[in-house]
Each structure stands twice: as structure tokens, then as C-alpha cells.
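Student: Please work out how this folds:
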Amino acid sequence: MNRQQPSPMPSRRYRDIFAKVPVAPVDRTWPDRRITAAPLWVPVDLRDGNQALAEPMDRERKRRFFELMVAIGYKEIEVGYPSASQTDFDFVRLLATSDLVPDDVTIVVFTPARPDLIARTVESVAGMRGDVVIHMYAATAPVWRDVVLRKSRDELASMIYAGSEEIQRLAGDSARFQFSPEVYNLTEPDYVLELADRLTKQWDASPERPVILNLPATIEAATPNVYADQIEYMHQNLPRRDGVILSVHPHNDRSTGIACAELAVLAGAQRVEGCIFGNGERTGNVDIATLALNLHAQGVDPMIDFSGIDGIRDVVEYCTRMPIHPRHPYVGELVYTAFSGTHQDAIRKGFAVQDDGLWEVPYLPIDPADVGRGYEAVVRVNSQSGKGGIAHVLESVYGIKLSDEREFARHVQRRTDETGREATASELKALYEEVYGCSN
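Tutor: So this is what the prediction gives:
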């Protein structure tokens, strides 16, 4: 049945995740769960997204992006890597010494587990109003330990514990603490549990002052169900679980970051880090705008306001200096547009019976109006279009009702075949007048 032939690519050079790291068995419950509430969203555009840009954001762009995130409802925002550059340090100081941070917004700053860099990070948030989280990380996966850090498990653990003690000594009660075992998904689960036990004990994790344990899929390396199992294993086995906010930070190397995040929430994750529209190193961080609107499309309030999505896109494109693809979910220029005749016919019929109740229009998972889009671009005409789409454009834009849709569609198809391009509404009207005169 399958006539495909072996490819010349050297696939034998690679191993699946099960050959790289133990994946602990778990009494999984996530397949039977449903997402009924939004997790805590944490945009990392100003740190993780920024460090992936060819031209990192300057202070003005960072400020504009931060103000956007506050305006649309994010309550915890990672704002920078203060020890990495003077620009990042100065921006955090701007937030600490101005009234830009609302009282209900938590600021997160990022640092490696190194005493000198921790000191610089704590210095950056001195005087910050409201809650502050100091986010410490260290790469824990075997390849990173052996090749990059050249440390044994015990040596790396000692470095992490020294860093956690330094954070506690310098920050005291003025901040909460977060730890990320970078490349968690390729790290031995018993090692992460060992680190988590020590850190949550040292940082006195409690429901009143929870510690954030963030479990990144730094390099996406398996199907999403494996990541879900890895998250549920930690959810079930973490010491002081009621004093831990379990967080995830999926990347998109396999293009399944969205699925990984959604399954991780089913598996017990309470917090999701990512970037608005998915910027980030290599193929990007998980897209927290798409995740939020996926919830909206399932009848769950995402707790973030994307009702003006085109304005949000404009700010993100300006700040990152990168365009958003026209097929990007929910925000792309063409994602609510049908060119195909069969799709156009179904959408037209759906609009004809749609009322103010539940949204049920074929091919449109949400009402474009929910995100501030109009209906004028839902149906556009080219050589693939059918009579229903052509009739819809003329009627919705000009109030022209065709007496013979099929006949006029033949004229349109002949014209679009000749030109090889889309026919605008004004061109359809001009062709209509050319064929029939000013009235049908």
C-alpha cells in the first residue's frame, strides 16, 4: 500500500527520547481531563524573545511592549535578563523607579546560578513596587552537564544550591523565587526531584509564599504525550506540592509547542511561559496568544484581551522588527479568508442562519469580530472561487443580488483565469456592470 522509498537522509544518527533519558512511568490521568480555566500566563517576550532577535529591543521598544502586555491583561511578566546587558539592566531600573508597573502585576527577572550575576540581578529590582520573582536557571540535561558545563551531577547540584542560597541571602523576603532546570525534558527525573526537594525546602515553599518550579522543553524532543507524562510525574511526586506553582516553558522545535503546553496543563501545570505570537530562539517559544484563543474557541475565558488583535500585532511587529505570517493562527491576515468555492458557499450559508446565539459558522472556528476583524475579507475571489462567494461579495459590499449566480461566475472565472490574480470587490462590480449594465 505504501510505495514510499527509503530517503538518503542519515536518520540513523539520531535517537528517540527514550534512548537519551529515562522517562519515568506515571499513573497518567491527563488523557481524561479537560481544560476548564486559563492557567497563569507569563509572557517572556522581553527576555527569551528579546535574546532571540537579530536586533534586540531598545529601551523604547521594551517599554512599548511592556505597556501592551499590561494593557491586555497579563499579571506576571518576565521583563529581562539584567546581568546580560546594560540595556536590560537599565530597563528593569526604569520599571523599579517609575509608575509603569501596576500594583497587581508581578515582575520576573532572570539569572543564571552564578553569585556575581545574581547580585547584579537583585540590584536591578531594588525598590520595585509590587511582587517580584527572581528566576534562577541552570542547564541540567546530561549533554549540557558533560559538554557545556563539564560538571558531574553532584558538582552542578552544588552550584545550584550555592546560587539559591545567594538569592535568599540577598533578596530575603523582598522577592519570591523560581527555578528552571533548563532542558528539563532531557534531564533524569530523579535528579530534578532531588533539586526540587532541596530548593523548595531551602526557600520555605508554602501556599502563602509559593516557589515556582518551571520545567522547560528547551529543545522539543518528543511527541507531546511524552512531555505530558513528564509533567504529570513531577505533579504527582513533587515534595511540598501545595507550596509549588508548577510551570512549563515549551519551545517549538518539532512544531508541537502548542500541543505540549495544552497537554502539560492537563497534566497539572498551573503556569505557562511563552511569547505573544511565538517569537523565540530557533523555531520559537510556545505562542501564548494562540493558546489563549484556543481556550476562547472552546468556550473558556482566556483571561487576556485579544479583542484588538490587529493593534497587538502591530506593536509586536514593531518591537521585534519581524513580520507575522499571513497564515499565523488567529492573527494572520488570511486566517479568516476563504478563496475556495466550496468553503465560500458553506460560510455564506452559515452567515445566513447565524444569530446572536452560539457561533456555528463552517470553517470559522471563532467569530472574526471577537478579535476586532470585520467580515469584508472573509470571502475573497480568485480563479478557485465559486458562484456563492462571488454573490456574497457583491451582496455584502454593494447590495447587488444576482439573478443568475452561475452565469456571472463563469464571467468572473474567465477574467481571473486571464489575469491570474484575485478580483477585488470593485473589480467584480465593474465586471457586473460591464456584463449586465447597472442593473441585473
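
Student: in stretch 329-341, what counts as buried?
Tutor: Within stretch 329-341, the residues that count as buried by 16 or more other CB atoms under 10 Å are Pro329, Tyr330, Val331, Val335, Tyr336, Thr337, Ala338, Phe339, Gly341. All C-beta spots, glycine's among them, are computed from the backbone N, C-alpha and C.

Student: from what I can see, Tyr137 looks like it's in a strand, true?
Tutor: Yes - the assignment for Tyr137 (DSSP: H, G, I helix; E, B strand; the rest coil) places it in a strand.

Student: ok, now which ones touch it?
Tutor: By CB atoms under 8 Å, 6 or more residues apart in numbering, the residues touching Tyr137 are Phe110, Thr111, Pro112, Ala113, Phe179, Ser180, Pro181, Glu182.

Student: Which ones among those residues map onto helices?
Tutor: Among those, no residue falls in helices (DSSP state H).

Student: Would you mind giving those residues as CSV with distance to Tyr14 added?
Tutor: As requested, the contacts of Tyr137 are exported to CSV (distance: CB to CB, whole Å):
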residue, distance to Tyr14
Phe110, 31
Thr111, 33
Pro112, 29
Ala113, 30
Phe179, 30
Ser180, 26
Pro181, 23
Glu182, 21
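
Student: of all the residues you listed, which comes closest to Phe18?
Tutor: Comparing those against Phe18 with CB to CB places Pro181 closest, at 19.4 Å.

Student: ok now do the closest one, which residues does it touch?
Tutor: By CB under 8 Å, 6+ apart, the residues touching Pro181 are Tyr137, Ala138, Ala139, Thr140, Thr187, Tyr191, Val192, Leu195, Leu215, Pro216.

Student: Please narrow those residues to those residing in strands.
Tutor: Taking DSSP state E as the definition of strands, those contribute Tyr137, Ala138, Ala139, Leu215, Pro216.

Student: Most neighbours out of the residues you listed, which is it?
Tutor: Compared across the ones in strands among the contacts of Pro181, Leu215 has the highest neighbour count, 26 neighbours, by other CB atoms under 10 Å.

Student: Just give the nearest non-adjacent residue to that one, would you?
Tutor: Tyr184 (4.2 Å; CB to CB, 6 or more residues apart in numbering).

Student: From the centroid of this structure, which residue is nearest?
Tutor: Taking CA atoms, centre = their mean, the centroid of the chain lies closest to Asp287, which sits 1.5 Å from it.

Student: Nearest spatial neighbour of it, chain-adjacent residues omitted?
Tutor: Gly278 (3.4 Å).

Student: which residues touch the one you found?
Tutor: Gly278 sits next to Asn252, Gly257, Gly284, Asn285, Val286, Asp287, Ala289, Thr290, His328 when contact means CB under 8 Å, 6+ apart.

Student: Quick check: which element contains it?
Tutor: Here Gly278 sits in a region with no helix or strand, counting by DSSP states H and E.

Student: okay, it: pLDDT?
Tutor: At Gly278, the pLDDT value in this model is 97.
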